[in-house]
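> the sequence and its predicted three-dimensional model are supplied below.
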Amino acid sequence: MQSGVQEAKRGLGAKDLVTTGVCIALYFVFMMVGSMLFAPNPVLTFLMPAGAALLTGPAYLLLIARVPKHGPLIILGIVEAVVMFVTGMYWLWSVFLVVLGIVGDLIAGAGGFRSKPLNIASFLAFSLNPLGSYLMLWLDPAGYSTYLVEKGTEQAYMDTMVATGADWVLPAMIVLTLVCALVSALAGMRMLRKQFEKAGMTA
Amino acid sequence: MIEFSDVTFAYAQTVPERAAGVSHIDLAVPQGSCVLVCGPSGCGKTTLTRLANGLAPTFFPGALSGRVVIDGCDCAQMHSWEVALSVGSVFQNPRTQFFNVDSTGEVAFALESCSTPEGEIRERVAETMDDLGIRHLADRNIFSLSGGEKQRIAFASVWAARPTNLVLDEPTSNLDMAAIMDLRSYVARAKASGTSVLVAEHRLWWLAGIADEVVVMDGGRIVRRFSPQEFASLSAQEVGALGLRAQSLAEVEAAAPVCGQGSSRAREAAKPRPGEPSQSEAEPRASEGYRAEAGLEVHGVRAGYRKREVLRGVDLSASAGEVIALVGRNGAGKSTLSRAICGLAKSSGDYRLFGEEAGERERLARSSMVFQDVNYQLFADSTAAEVVFGMGRDRARTVDAEGILSSLGLSDVADRHPATLSGGQKQRLAVASCVAARKDVLAFDEPTSGLDLASMRRVAGLIRRLAAEGRVVLVVTHDLEFIACACDRAVELSGGAVTGTYDVAGGLDDIRRALFAGTQFEGLGG
Amino acid sequence: MSARKAMRLDPRTKLALLFVWALAVFFSPGLPFEAGMMVLAVVFGALCGKARLSVAMFAVYCATMGIAIALAQVNLGIFSTLFNSFFLLVRKVFPCGLLAAIIVSTTQVNEFMSAFSKMRCPREVTIPLAVMMRYVPAIREDWGYIKDAMRMRGVSPTLGGFLRRPGLTVECLYVPLMMSALNVADELSCASVARGIENPAPRTCYLHIEFGTADAAAAVVAVAVLAAAIVLRSVA
């Protein structure tokens, strides 16, 4: 029995892993709902990371509140990455999920997973993960160019277009996503305090 | 073989569980025998099952003294998975014990955990499913299974590993009769093959002829022990006085009028706890005065679910003050009918509420459901706020929330978070919100699943009172004792149509038959 | 199963195919190469018994690329930037998307799980992944009840309702869903511990997975495509 207690303190027990899985499911569903509206729409597609960030805050913060240890956020990143990869999303998204999962874990871990500002910061960082799939536009301008050149577009026109895209769309996306993530995190914090802490359901 | 010798267990402070500990338990479940542990809610019987399957103290921390011995090994010296190898556990809620999305994978789960070679797993899984007669449930999506089918799979997943001991914690709480009868045959089979079976239950009748010892607990201690013969010889009143549910459904009939009329005997049996509405105030049946006023009239209701026609022309009428039980097998259309009446499911047909025609919108405004899992309908951060949740500020001001809470025995928990309330309190809180919103038609879904005698009677009293205030109350239920206690009529649904209407007074035999319809054990209710 | 003699691959092969395909798209020298990859994916889909799905997705792909090429000819200012970026995203996602759709629709969750456990994926990933797969459909069930409960309280579970009373609707949406999730987590972990999930022995899987000739053939084709992509790109 004693060894059992110690084991629970050291690593992640079965209960922690199951709880993590359930919270990941919530995160996934909210991300899907938040992004479904935007992703397949040519005009709104760049709003997708913001839409996903707007809904996922409470689920992310619930995971931290329920399993305040190192690991669950990395697992969140890895599992989401696997799901995204298997469903055929652009691979950089998966890479971002894993990397930002680790970053998020470190940020929240710096405050022992109990510091509200750091938990929020952790979510802000993690919420940037869908940018991975858009980054190909900036990462691979060569591929982008050949695509347009094949269609016989003027080289000069294309250059300006890549330039305009690179100039402000990426920063605008990042800022908008962070703002939405902040709103979501603040709402999530409020909900945790008002409902879940009062109900004694946070660890 | 499961042996408890002088076992005392208290949960650690950190466990947010309301489950009570146990003290000085001496109990043995020998090979090939079945011990039934019963007693009122909070008597410690669930804790006993957790000690037997090793969840306490490894999963639920606490202080343990005495010895729990499984097949000769001290449980305290074993790892959780070592206990799992020799003790199979089935829990109350079939929805939350599944780890896979497909039924076959679920049955294989325990075998996969202990690293059984894949060929052997396949053999054992197929054999188990044939053995239990659930071949037709193989390779199905868990979410397409009914609660009863899920519980059969849950049993199969435990039985596939052929554990030498079985621990069942209120396994029938959410089941219909057909599933209960199947579970009965599974337990009988396990027992016959030499397995020790420990069952903690409120429902006793399904284990008649199987249990080799009946143990009654209260306050964490064993207070009475009966041999099956002794237990069978107890009268219905004696069983009731122990706070237990009927040991045979044949006796329910005799007990019914006693309970319904709120005689002194029933009052004594169901001593209300302080601060909770007492059943001794049970209101008279509707037949004694309210039947005149038309309440709900439903004519030719049809409704579908995913292209399948679930209701094929249902007619139903209920007066204000009447309590109607909806009975029938899983999939007969009981829930769809209640959802349609409450304006939640799309349906066609004529509806009249209190004499006036009522469309979906009016029905939604004037009626409400109380779910089996009320957690889904509690939203607010305090009990008091929950009562008026969703109302506009002006409307909320007209509601006497305090009065409603005190009439339902919830005044002293007004500031608590709904999630911290007991199951019964949550249910009454859901009712409180319906009362506050002046709902005239209430539909309860299985309000007595997993309740002990006293709680069941309290719910019965509550439902009678809601009806007596002029409401129409529909109750979807499989609980014959509850029907006998609280309902005026039972309406039998089958294949999406009403196939029978029976008065509770004098018609209980027909209702019992309806509840057992479709099981191979139609005679066993006696 | 939609076809009688559908090709069955080891789920590990399927994961490897996706990986190679993603790399090939990354190194792809241009649209014609990707179109060729789409055709190969359609053939793969037909072999796996998903001909209709593959052809339908291929048709959507052709239509989208047609629109993209047409739109690239006209100058719509900022909208051109948006459209062209969007179509590039679509173009880069589609070949993998088609392959993924075929794979997901021909593989059961437990096959994926068995693949992960055979690849010695740590429990810290397989358990949450399995729970997530199992719990996502349950959220839909929960949402059905919660929606009913909201409507009975006069709170509209729609976008319009959200705009009218945002705070209230958000609370209705999250609180019961997350409460229920935590309860499920507790009961599910309880049940899985009682069924030996903490056993340190490597988990087995009742499904038989084996690397066969079909797997080898598929792998060879995929690797050849990747090699071609790299070579053609460096040539260009």
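Yes, it's here.

> how many neighbours does residue A:111 have?
Number of residues near residue A:111 (other Cβ atoms under 10 Å in any protein chain shown) recorded here: 16. To be clear about C-beta, it is placed using only N, CA and C from the backbone, and glycine gets the same treatment.

> so residue B:64, which of the three states?
Three-state call for residue B:64 (DSSP: H, G, I helix; E, B strand; the rest coil): strand.

> how close does it get to chain C?
According to Cβ to the nearest Cβ, to the nearest Å, residue B:64 stands 17 Å off from chain C.

> spit out the contact partners of that residue.
By Cβ atoms under 8 Å, 6 or more residues apart in numbering or on different chains, the contact list for residue B:64 reads A:1, B:7, B:8, B:9, B:51, B:56, B:57, B:76.

> so what's the second one bridging to?
This means residue B:7. Beta bridges link residue B:7 to residue B:25, judged by DSSP bridges.

> list the contacts for the most centrally placed residue in chain C?
Most central in chain C under Cα atoms, centre = their mean is residue C:100, positioned 5.6 Å from the mean C-alpha point. By Cβ under 8 Å, 6+ apart, the contact set of residue C:100 is A:86, A:87, A:88, C:18.

> next structured bit after the lowest-mean-pLDDT helix or strand in chain A?
Scoring the helices and strands of chain A by mean pLDDT, DSSP states H and E places helix A:2-10 at the bottom, with a mean of 42. Following helix A:2-10 in sequence order, the next helix or strand is helix A:14-36 (DSSP states H and E).

> list the buried ones in that following helix?
A:14-31, A:33-35 (16 or more other Cβ atoms under 10 Å in any protein chain shown).

> out of those residues, who's near chain C?
A:14-15, A:17-26, A:28-29 (Cβ under 8 Å from any Cβ of the partner chain).

> burial check on residue C:185, number of neighbours?
Neighbour tally, residue C:185, other Cβ under 10 Å: 25.

> next one: the one 10 residues further on
Here the neighbour count serves as a burial measure; for residue C:195 (other Cβ under 10 Å) it reads 30.

> that older thread, what is the nearest of the ones next to chain C among the buried residues of helix A:14-36 to chain B?
Distance to chain B across those (Cβ to the nearest Cβ) is lowest for residue A:15, with 7.2 Å.

> my read: the closest one touches residue B:60, true?
No - contact between residue A:15 and residue B:60 fails when scored by Cβ atoms under 8 Å: they sit 10.4 Å apart.

> which residues are in contact with the nearest residue to residue B:137 once chain neighbours are set aside?
Distance criterion Cβ to Cβ, 6 or more residues apart in numbering or on different chains; nearest residue to residue B:137, sequence neighbours excluded, is residue B:103 at 5.3 Å. Residues in contact with residue B:103, defined by Cβ under 8 Å, 6+ apart, are B:137, B:138, B:139, B:140, B:141, B:142, B:145, B:153.

> again with residue B:134
With Cβ under 8 Å, 6+ apart, residue B:134 has these contacts: B:149, B:152, B:153, B:156.

> equivalent analysis for residue B:70, please.
So residue B:70 contacts B:1, B:2, B:3, B:52, B:54, B:78, B:83, B:86, B:87, B:165 (Cβ under 8 Å, 6+ apart).
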